[in-house]
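1. Dropping a prediction and its sequence here:
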Amino acid sequence: MSTWDADVAVVGLGAWGSCALWQLAGRGVDVLGVEQFEPGHSLGSSHGGSRMFRVTCLEHPGLVPLARRSLELWHELAGASGTTLFENLGGLLIGPEDGRIVGGTLRAAREHGIEVQRLGRAELAERFPQHAALDPRDVAVWEPSAGILRPEESVRAAVGLARSAGAAVFTGTRVHKVSLVGGGVELEVGSRVLRVRQAVLTVGSWLSSLVPGMPLETLRMPITWFRSTAVDGRHALDRFPVFMRDLPGGEVLWGNGSDGPYDVKLGLEVHGRTPRPLDPVTDDRSVVAQDWTHLTDVLGTRLPGLETAPARVSVCMLTTTPDGQFVLGRPGGDPRLVLAGGCNAHGFKHAAGIGEALTDIVTGAATRMPLDFASPDRAALQGESVAADSP
């Protein structure tokens with residue numbers, strides 16, 4: 001009788017872990033998945049009803065090929081599961097032409113041959129009147145390939161297909177400790193120990209608790225939904241698609257229109273200020289007024305036609321790295337362990353491609369695109385002073 005419970009364990013079945021489990025099982029790997037809650041839960045970083053997908057990734061040049069491959073795999077997952085996961089309604093990037101968002105988007109489009117359309121300020125105001133109080137230098141980029149992904153449905157679809165392909169899935173099961181042993185890994189889950197030859201850790205904001213010393217920081221990101229007061233349907237998703245908008249002072253307003261059971265979803269990133277840190281194990285995730293009061297002040301002038309108080313507020317978590325890039329690979333080349341973390345608030349769109357890359361790493365296959373910029377052994381994760389990659 002084998003002393004191993006499986007060849008591979010995927011620990012954490014959020015966006016990245018569920019996609020890795022799906023593809024490992026699909027390749028015939030003897031794999032099990034461990035999730036401390038239930039697939040599609042709302043306590044991590046893979047929930048909220050919708051997530052923006054775009055190919056014009058301004059965060060790093062290496063992410064564009066990953067996004068393209070992810071889109072192919074999202075369609076594959078949707079077809080295999082019979083579920084609608086991606087809605088291709090286009091996306092809007094707004095701000096000064098030399099700013100981070102528009103400038104980075106245009107640069108990515110030029111370098112990778114992505115079809116986009118530049119909208120001048122007047123055309124932007126005419127086509128998307130929902131965006132008011134435009135600044136004099138504001139222009140926009142329309143990306144036809146953009147749209148929204150359904151996070152909870154995507155996670156459940158991937159886990160369901162993995163189960164159908166033979167993966168064992170343990171839910172309501174938290175891994176408290178990961179120990180590297182001769183020829184494999186031991187996972188402590190309550191009074192039981194699971195023994196596998198390789199472990200893939202895709203636990204999001206809990207990664208630092210399982211791998212001490214990782215320079216990751218977990219931050220609190222409120223997600224806020226507002227009801228429209230307009231009677232002309234201007235805030236419906238097909239007329240008010242996903243967007244990111246540069247505002248003065250380093251703020252970025254983002255969101256998408258209402259769709260069926262979901263109201264208008266909005267959020268505010270504040271670059272240059274310190275977001276509230278969050279401990280995923282001990283901190284209270286109750287909503288407080290400061291989660292949304294500043295956003296409502298912004299909406300009054302920038303996105304009129306919405307109720308002044310949110311209809312719903314939820315707390316999401318994002319995990320950041322010093323250089324803003326993902327962590328993907330084997331630390332120190334250890335054949336027993338694969339790490340995947342550091343979503344940096346833009347990881348969901350890439351989950352399908354990351355799941356494939358993790359599967360390639362586990363099985364010893366070459367990844368489809370270079371991922372050196374996400375190596376767990378890169379200088380930025382070793383305490384060395386390096387500049388973040390330019391978007």
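-> Perfect, thanks for sending it.

2. and stretch 296-307, how far apart are its ends?
-> This stretch, stretch 296-307, spans 9 Å end to end (C-alpha to C-alpha, to the nearest Å).

3. Buried residues, stretch 76-87. List them.
-> Residues 76-78, 81, 85-87 are the ones in stretch 76-87 that count as buried (16 or more other C-beta atoms under 10 Å). C-beta: built from backbone N, CA, C; applies to glycine.

4. How about residues contacting it?
-> Residues outside stretch 76-87 that contact it (C-beta atoms under 8 Å, 6 or more residues apart in numbering) are 19, 22, 53, 71, 74-75, 147-150, 153-154, 157-158, 160-161, 237, 352.

5. so of the buried residues of stretch 76-87, which ones are in strands?
-> Judged by DSSP state E, the buried residues of stretch 76-87 include 86-87 as members of strands.

6. Tabulate the buried residues of stretch 76-87 (JSON lines), appending pLDDT and distance to residue 207.
-> Conversion of the buried residues of stretch 76-87 to JSON lines gives the following (pLDDT from 0 to 100; distance: C-beta to C-beta, whole Å):
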{"residue": "76", "pLDDT": "98", "distance to residue 207": "27"}
{"residue": "77", "pLDDT": "98", "distance to residue 207": "24"}
{"residue": "78", "pLDDT": "98", "distance to residue 207": "28"}
{"residue": "81", "pLDDT": "98", "distance to residue 207": "27"}
{"residue": "85", "pLDDT": "98", "distance to residue 207": "25"}
{"residue": "86", "pLDDT": "98", "distance to residue 207": "27"}
{"residue": "87", "pLDDT": "97", "distance to residue 207": "30"}
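
7. would you turn the buried residues of stretch 76-87 into a markdown table with distance to residue 3?
-> Below are these laid out as a markdown table (distance: C-beta to C-beta, whole Å):
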| residue | distance to residue 3 |
| --- | --- |
| 76 | 35 |
| 77 | 34 |
| 78 | 39 |
| 81 | 35 |
| 85 | 39 |
| 86 | 42 |
| 87 | 47 |
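
8. Find the pair from the buried residues of stretch 76-87 with maximum spatial separation.
-> The span of the buried residues of stretch 76-87, defined through C-beta to C-beta, is set by 76 and 87 at 16.3 Å.

9. rewinding a little: closest to residue 368 out of the buried residues of stretch 76-87?
-> residue 76 (13.9 Å).

10. Would you state the strands of the stretch 51-200 of the chain in chain order?
-> Applying DSSP state E, counting those that start in this stretch to the stretch 51-200 of the chain gives strands spanning 51-53, 86-87, 91-96, 117-119, 138-143, 147-149, 168-170, 177-181, 184-189, 192-201.

11. Can you add distance to residue 227 and give those strands back as a markdown table?
-> Supplementary listing: these in a markdown table, determined by distance: least, C-beta to C-beta, whole Å:
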| stretch | distance to residue 227 |
| --- | --- |
| strand 51-53 | 21 |
| strand 86-87 | 21 |
| strand 91-96 | 21 |
| strand 117-119 | 28 |
| strand 138-143 | 25 |
| strand 147-149 | 19 |
| strand 168-170 | 37 |
| strand 177-181 | 44 |
| strand 184-189 | 43 |
| strand 192-201 | 40 |
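
12. for those, which one sits closest to residue 37?
-> With C-beta to C-beta as the yardstick, what comes closest out of those is strand 168-170 (11.5 Å).
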